[in-house]
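Enquirer: The sequence and its predicted three-dimensional model are supplied below.
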Amino acid sequence: MRPTLFNSDTLAQALQRRTVATLSELSNEVGPCSHRTVQRKLKQLDYRSSYSHRGKYYTLCACANFDSHGLWSYNGIRFSRYGTLQNTAKELVESSPVGYRSDELDDVLKVHTTGALLNLVRAQKLSRISLEGQSIYCSADPARQQRQIAVRRIQRAGMTVPASMETDSSKAAAILLFFSLLNEKQRRLFAGLTSLLWGYGGDKRVANLLGLNRKTVRRGRRELHADKVDPNRVRKPGGGHPSLQKKPLDDRTATPIGAVGDGWRSYGRSVVDPPFAIKVIRSLEGVWNQGLSNDRGEVAPRS
């Protein structure tokens with residue numbers, strides 16, 4: 001059995017003296033030993049590796065002074081209470097009331113986080129939502145995710161939620177959940193009613209909160225004012241996309257080239273009867289054979 005050159009207490013004292021050190025520096029500090037030996041002794045200590053500089057620096061948690069986000073920087077070397085960059089990104093996104101864009105998280109962690117965020121989305125540990133053309137990273141929990149999106153929409157609109165709704169993210173999320181269960185007309189009328197309760201500037205605020213066009217909110221509000229609501233219909237008669245009807249195969253009569261009418265010729269898809277097509281093909285063969293005879297002085301026999 002090989003003798004023990006040093007124990008974990010010796011390594012802890014070396015880290016306390018240096019505050020931050022690499023494996024090579026620790027190996028030289030405690031004696032000539034391999035990096036693997038230092039790593040094995042580090043597992044017995046409460047330490048953290050840096051999430052910047054490819055994790056090459058180490059420190060003791062007792063030496064780190066973590067801030068409210070659980071982050072600490074020492075001479076440009078960045079550490080996190082949560083360990084790796086992926087774990088740190090996940091914890092910050094989960095705890096944020098509005099989620100994070102990648103550039104927002106870059107500003108907090110002072111490193112590029114796009115790769116770590118994409119890996120978390122692929123592993124289904126986070127979710128990515130497109131909001132007004134921007135990718136927002138949110139919690140993987142649907143309820144938490146909906147609250148984050150609701151609060152972000154409120155903040156983007158610069159809104160102050162009235163007393164009838166209260167500034168509560170859970171209530172804003174409940175409004176969005178209820179809104180998603182309505183049909184087209186009910187959404188429009190609900191948006192108009194909410195705008196009326198909001199008062200001045202309600203159309204813009206409700207449109208930003210619910211992700212609607214401002215004209216849709218205004219139309220719902222005007223329908224409520226005019227009392228023109230048909231409870232039996234979602235749209236007016238004749239509204240919606242025209243139904244697609246295909247003609248039966250027997251009704252698709254052949255239309256010769258050049259004919260004008262209701263046939264497919266007007267759409268560039270003319271239906272040609274077989275005898276006429278055969279005549280055209282034979283005439284093209286004659287022109288082709290004549291071209292060959294002019295070039296070679298003979299006509300190739302037909303098989």
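Expert: Looks like it came in fine.
Enquirer: how much space between the closest residue to residue 119 other than its chain neighbours and residue 80?
Expert: Spatial nearest neighbour of residue 119, chain neighbours left out: residue 86 (6.2 Å); criterion: Cβ to Cβ, 6 or more residues apart in numbering. C-betas here are computed from N, CA, C, even on glycine. Distance, residue 86 to residue 80, by Cβ to Cβ, to the nearest Å: 10 Å.
Enquirer: And the two? Which one has more around it.
Expert: Neighbour count, other Cβ atoms under 10 Å: between residue 86 and residue 80, residue 80 has more, with 24 against 19.
Enquirer: distance of that one from residue 201?
Expert: 42 Å.
Enquirer: try residue 16
Expert: 58 Å.
Enquirer: returning to that earlier point: so who does the residue nearest to residue 119 touch?
Expert: 116, 119-120 (Cβ atoms under 8 Å, 6 or more residues apart in numbering).
Enquirer: same question, residue 218
Expert: Neighbouring residues of residue 218 by Cβ under 8 Å, 6+ apart: 192, 195, 203.
Enquirer: For the first one, what is the enclosing helix or strand?
Expert: Here residue 192 is covered by helix 184-198, with elements defined by DSSP states H and E.
Enquirer: Which strands or helices does that helix pack on?
Expert: Contacts defined by 3 or more Cβ pairs under 8 Å, 6 or more residues apart in numbering; DSSP states H and E place helix 184-198 against helix 169-180, helix 202-210, helix 214-226.
Enquirer: now the angle between helix 214-226 and that helix, please.
Expert: Compare the direction of helix 184-198 with that of helix 214-226 by axes from the mean of the first three to the mean of the last three Cα atoms, to 10 degrees and you get 80 degrees.
Enquirer: Check which residues of helix 184-198 are buried.
Expert: Residues of helix 184-198 classed as buried: 185, 187-195, 198 (neighbour count, 16 or more other Cβ atoms under 10 Å).
Enquirer: Let me have these in JSON lines, adding pLDDT and distance to residue 100 as columns.
Expert: Supplementary listing: the buried residues of helix 184-198 in JSON lines, determined by pLDDT from 0 to 100; distance: Cβ to Cβ, whole Å:
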{"residue": "185", "pLDDT": "75", "distance to residue 100": "36"}
{"residue": "187", "pLDDT": "79", "distance to residue 100": "29"}
{"residue": "188", "pLDDT": "79", "distance to residue 100": "32"}
{"residue": "189", "pLDDT": "81", "distance to residue 100": "35"}
{"residue": "190", "pLDDT": "79", "distance to residue 100": "30"}
{"residue": "191", "pLDDT": "81", "distance to residue 100": "28"}
{"residue": "192", "pLDDT": "80", "distance to residue 100": "33"}
{"residue": "193", "pLDDT": "78", "distance to residue 100": "33"}
{"residue": "194", "pLDDT": "78", "distance to residue 100": "28"}
{"residue": "195", "pLDDT": "82", "distance to residue 100": "30"}
{"residue": "198", "pLDDT": "74", "distance to residue 100": "28"}
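Enquirer: Which two among these are spaced furthest apart?
Expert: 185 and 198 (20.4 Å; Cβ to Cβ).
Enquirer: Residue 135 pairs with what?
Expert: residue 130 (DSSP bridges).
Enquirer: In contact with it, which residues?
Expert: Remark: with contacts taken as Cβ under 8 Å, 6+ apart, residue 135 is in contact with 101-102, 128-129.
Enquirer: Who's the closest spatial neighbour of residue 48, skipping the chain neighbours?
Expert: Residue 48 sits nearest to residue 79 (Cβ to Cβ, 6+ apart), 5.0 Å away.
Enquirer: So what pairs up with the one you found in the strands?
Expert: residue 72.
Enquirer: so it touches residue 51, yeah?
Expert: Yes. Using Cβ atoms under 8 Å, residue 79 is in contact with residue 51, at 6.9 Å.
Enquirer: Does residue 12 touch residue 45 like I think?
Expert: Yes. Applying Cβ under 8 Å, one finds residue 12 in contact with residue 45, separated by 5.5 Å.
Enquirer: where do the contact lists of those two overlap?
Expert: Shared contacts of residue 12 and residue 45 (Cβ under 8 Å, 6+ apart): residue 60.
Enquirer: In terms of neighbours, single out the busier of those two.
Expert: Using other Cβ under 10 Å, the more surrounded residue of residue 12 and residue 45 is residue 12, with 19 against 15.
Enquirer: Shouldn't that one be within a helix?
Expert: Yes. Counting by DSSP: H, G, I helix; E, B strand; the rest coil, residue 12 is part of a helix.
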